[in-house]
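Engineer: Here is a sequence together with a model predicted from it:
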Amino acid sequence: MYWTISPVVLATPLSKPIFYDMQHSNNAARIRLWRSLKVGMDDAIERRVVAYPDLKSPEFAAINPLKKVPAFIRADGTCVFESAVILDYLEDLYADAAPSFKPPTAEGRQLMQLFIRIHDLYIASPNCCAPGFSHSQGAMYLSNGWHGAARGMDLKTREAKIGEIWRQLTWLEAQVSAVHAAEGGTNLLGPLLTLADFTWFPTCVFMEFMLPRVFGWADPFQVGDATPFPSLARWYTSLREEHAPFAQTHADIWSYWVELEEKGQFVPIKDEIAAAAAAGEAHKWTFGVPTTVALNYQEPPPPGKTTGRYIDQPDRGDVVDEMAPADVKMRDARELEPAATLESMGFELRSCPTAVTNFRDDDEVTKVYYDEIIDLIKQASGAKRVCIFDSTVRESGNTNLNAQKGGAAAPVPRVHCDYTADGAPRRLAQLAKQGVFSRIRNRDLTEEEVGQLAAGRYAFINVWRSIDPDSPVLQKPLAVLDEKSVDQANDQFVYELRFPDRTGENYSLKKSEKHRWFYYPKMESDECLIFKVFDNKKSGPRFVFHTAFDLPDTPPDAPPRRSIEVRAIAFYSEIAE
């Protein structure tokens with residue numbers, strides 16, 4: 001016995017099943033691909049191609065009440081709709097026919113169904129057939145100007161759905177990359193072609209055509225350095241090159257959209273986007289396209305010299321401080337899916353409104369802001385105790401890299417990390433002698449207490465924020481480097497900071513094409529960028545290189561960047577009482 005929910009059954013059984021197809025439909029194409037690649041199915045299943053007017057007819061509504069393709073009539077006359085249901089049914093019905101398009105293990109089938117489910121729920125399904133609802137994929141081509149209000153959408157809805165496409169492709173890329181690393185092969189689930197490949201490929205043809213043309217993305221499925229989805233690009237390209245039905249499906253769908261582009265279907269969308277930009281509205285349409293910027297990398301020292309600079313004392317001529325600009329690709333950290341965290345990438349963006357009214361008032365900063373940042377670091381890091389030992393206000397236009405009391409320093413336009421593996425423990429010992437103030441105990445911790453804390457895990461953590469409540473950061477933002485892209489043995493070297501009473505150590509960095517730089521565009525004053533500059537835990541990110549930099553599209557009238565950075569030590573254990 002099996003359950004059915006009000007199936008439509010034709011009066012007379014058929015000599016063979018019938019599949020209703022539409023040439024450019026991505027959901028129907030997945031059935032067409034299966035039929036072409038399963039041995040003997042071209043003859044076993046009749047294919048009927050329909051057009052849009054056919055979908056509105058009473059005859060077609062009797063087959064698929066949703067009035068869309070694909071639709072399928074079983075040999076017993078029962079009508080079936082929904083592409084995933086049809087595809088799964090066909091694979092079960094013809095399980096003995098070669099090849100099999102389901103993985104042989106329960107785990108493989110689970111992953112295949114997850115890939116299909118993600119596509120059907122978050123890309124191709126509006127979850128409602130009522131007017132005014134549209135699937136995420138529709139954001140690429142549906143508009144009020146072309147389709148009317150029943151199928152179009154406003155700009156905010158379109159923006160959210162384009163962002164959803166980015167999120168799901170990013171998720172899929174990570175999954176497929178892991179599968180390829182573990183299993184080999186180039187298909188979504190490795191060597192085996194599955195129902196997941198039939199599901200995603202036709203929709204990706206839509207994306208390949210529209211996302212670059214209408215929304216400014218790089219070609220997402222072109223193998224090369226430009227794509228943010230290298231595993232998906234290899235998968236997509238190999239399907240077209242190795243299987244004629246996939247190449248034909250690509251041609252079928254592509255030619256349709258070429259025709260619609262020539263007729264002007266995308267013009268209303270482009271006009272809406274242009275009008276919003278002219279009106280000063282902030283919308284995000286382009287994803288995965290880095291901006292080329294120049295960063296100042298430190299030049300290694302000549303023989304007999306050390307890299308660094310003297311601070312608050314005369315230069316003795318034995319150090320050099322030379323930088324050379326190098327072009328790098330700067331990526332939008334807001335696009336990271338999942339979002340970066342201190343544990344995953346060594347940096348993290350968090351919302352943190354502040355009660356501080358004047359960041360130039362050192363007393364207010366110490367009494368009000370430090371407590372806010374201590375709580376923020378504890379939440380982000382999981383540390384038990386946080387001690388702040390320093391803070392600096394910076395403003396673009398200044399030239400002094402070191403601020404005086406109540407003043408502001410200049411942004412630091414040099415790729416660096418604040419501590420080295422040797423320098424950070426020395427700095428902690430120096431701070432312990434000077435007195436590390438505990439806001440919990442309202443006194444300096446003793447050297448013995450600091451030693452107890454340092455016996456466990458500890459990290460030096462910086463917190464950076466804009467202090468301009470009237471404008472986001474448009475000038476000299478802060479960039480952070482994904483430490484996984486750094487060859488520590490060959491890329492980094494020591495930069496000395498020679499104070500009158502001590503010598504501190506930074507890490508500088510040699511330029512490498514492998515470096516992956518990120519920044520958070522237009523940071524607001526209630527956002528904080530938290531990043532580690534040293535962690536004595538040797539697994540995971542430890543040294544986040546960072547620098548101020550110039551964006552090539554900075555408006556000429558952009559207000560100065562005004563920011564504050566706080567330096568703290570996060571201890572992950574408590575002092576023994």
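Structural biologist: In hand now; what should we look at?

Engineer: hey, let's count contacts and neighbours off CA atoms from now on
Structural biologist: Will do.

Engineer: Tell me how far the residue positioned nearest the centre of the chain lies from residue 123.
Structural biologist: Residue closest to the mean C-alpha point of the chain, counted by CA atoms, centre = their mean, is residue 336 at 2.1 Å. The spacing between residue 336 and residue 123, counted by CA to CA, to the nearest Å, is 19 Å.

Engineer: Equivalent analysis for residue 76, please.
Structural biologist: Going from residue 76 to residue 123 by CA to CA gives 33 Å.

Engineer: Among those two, which residue is more densely surrounded?
Structural biologist: residue 123 (22 against 15; other CA atoms under 10 Å).

Engineer: Please name the residues that touch that one.
Structural biologist: Counting by CA atoms under 8 Å, 6 or more residues apart in numbering, residue 123 touches 135-137, 164-165, 168.

Engineer: in the chain, which ranges drop under the pLDDT threshold?
Structural biologist: Residue ranges of the chain with pLDDT under 70: 1-11, 126-132, 398-407, 575-577.

Engineer: How is it divided into domains?
Structural biologist: 1-101, 109-281, 293-571 (automatic domain parsing).

Engineer: For the ones you listed, could you give me JSON lines that also reports distance to residue 287?
Structural biologist: What follows is these, written out as JSON lines (distance: least, CA to CA, whole Å):
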{"stretch": "domain 1-101", "distance to residue 287": "23"}
{"stretch": "domain 109-281", "distance to residue 287": "6"}
{"stretch": "domain 293-571", "distance to residue 287": "7"}
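
Engineer: residue ranges of the strands in the stretch 401-550 of the chain, please?
Structural biologist: 436-438, 443-445, 458-466, 478-481, 492-498, 503-509, 517-519, 527-535, 546-548 (DSSP state E, counting those that start in this stretch).

Engineer: closest one to residue 302 among those?
Structural biologist: strand 492-498 (13.2 Å; CA to CA).

Engineer: Could you list the buried residues of that closest one?
Structural biologist: Within strand 492-498, the residues scored as buried using 16 or more other CA atoms under 10 Å are 492-498.

Engineer: List the buried residues of the host helix or strand of residue 268.
Structural biologist: Assigned by DSSP states H and E, residue 268 belongs to helix 267-278. By neighbour count on 16+ other CA under 10 Å, the buried set for helix 267-278 is 267-269, 273.

Engineer: And stretch 43-62, by the same measure?
Structural biologist: Buried-residue list, stretch 43-62, by 16+ other CA under 10 Å: 45-47, 50, 55, 60.

Engineer: For it, which outside residues touch it?
Structural biologist: 8, 16-23, 35, 67-69.

Engineer: List only buried entries from the residues you listed.
Structural biologist: 17-23, 35, 67-69.

Engineer: Sort out for me which of the residues you listed are in helices.
Structural biologist: In helices, judged by DSSP state H, the following of these are found: residue 35.

Engineer: Would you pull up how far stretch 42-59 lies from the middle of the chain?
Structural biologist: Centroid separation for stretch 42-59 versus its chain: 40 Å, with CA atoms, centre = their mean, to the nearest Å.

Engineer: First residue to last residue on that stretch, what's the distance there?
Structural biologist: 24 Å.

Engineer: try stretch 480-490
Structural biologist: 19 Å.

Engineer: Show me which positions of that stretch end up buried.
Structural biologist: 480-484, 486.

Engineer: likewise stretch 320-338?
Structural biologist: 320, 328-333, 335.

Engineer: and residue 266, what does it touch?
Structural biologist: 141, 214.

Engineer: sorry, back to before: from the contacts of stretch 43-62, pick the one nearest residue 413.
Structural biologist: Nearest member of these to residue 413, counting by CA to CA, is residue 23, at 54.7 Å.

Engineer: Excluding sequence neighbours, find me the nearest residue to residue 32.
Structural biologist: residue 21 (7.5 Å; CA to CA, 6 or more residues apart in numbering).

Engineer: what about residue 97, distance to residue 190?
Structural biologist: For residue 97 relative to residue 190 (CA to CA), the value is 21 Å.

Engineer: so residue 300 makes contact with residue 307?
Structural biologist: Yes - counting by CA atoms under 8 Å, residue 300 does reach residue 307; the two are 6.8 Å apart.

Engineer: quick one: the strands in the stretch 201-350 of the chain?
Structural biologist: Taking DSSP E, counting those that start in this stretch as the criterion, the stretch 201-350 of the chain carries its strands at 291-298, 306-310, 319-320, 323-332, 347-351.

Engineer: The third one pairs with which strands, parallel or anti?
Structural biologist: Counting by DSSP bridges, the strands paired with strand 319-320 are strand 306-310 (parallel).

Engineer: Also the longest one?
Structural biologist: With DSSP bridges as the criterion, the sheet partners recorded for strand 323-332 are strand 291-298 (antiparallel), strand 517-519 (parallel).

Engineer: Mind exporting the C-alpha coordinates of it to CSV?
Structural biologist: The C-alpha trace of strand 323-332 is given here as CSV (Å, rounded to 0.1, in the frame of the first residue of the first chain):
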residue,chain,number,x,y,z
MET,A,323,58.4,50.1,1.5
ALA,A,324,57.3,49.3,-2.1
PRO,A,325,53.7,49.4,-3.3
ALA,A,326,52.3,46.2,-4.9
ASP,A,327,49.0,45.6,-6.5
VAL,A,328,46.8,43.1,-4.8
LYS,A,329,43.2,41.9,-5.1
MET,A,330,41.1,43.3,-2.3
ARG,A,331,38.0,41.2,-1.4
ASP,A,332,34.8,42.3,0.3
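
Engineer: contacting residues for residue 368?
Structural biologist: With CA under 8 Å, 6+ apart, residue 368 has these contacts: 355-356.

Engineer: could you measure it against residue 280, distance?
Structural biologist: 36 Å.

Engineer: do residue 154 as well
Structural biologist: In terms of CA to CA, residue 154 sits 17 Å off from residue 280.

Engineer: Out of the two, name the residue with the larger neighbour count.
Structural biologist: Each of residue 154 and residue 280 has its neighbours counted (other CA under 10 Å); residue 154 has more, 13 against 9.
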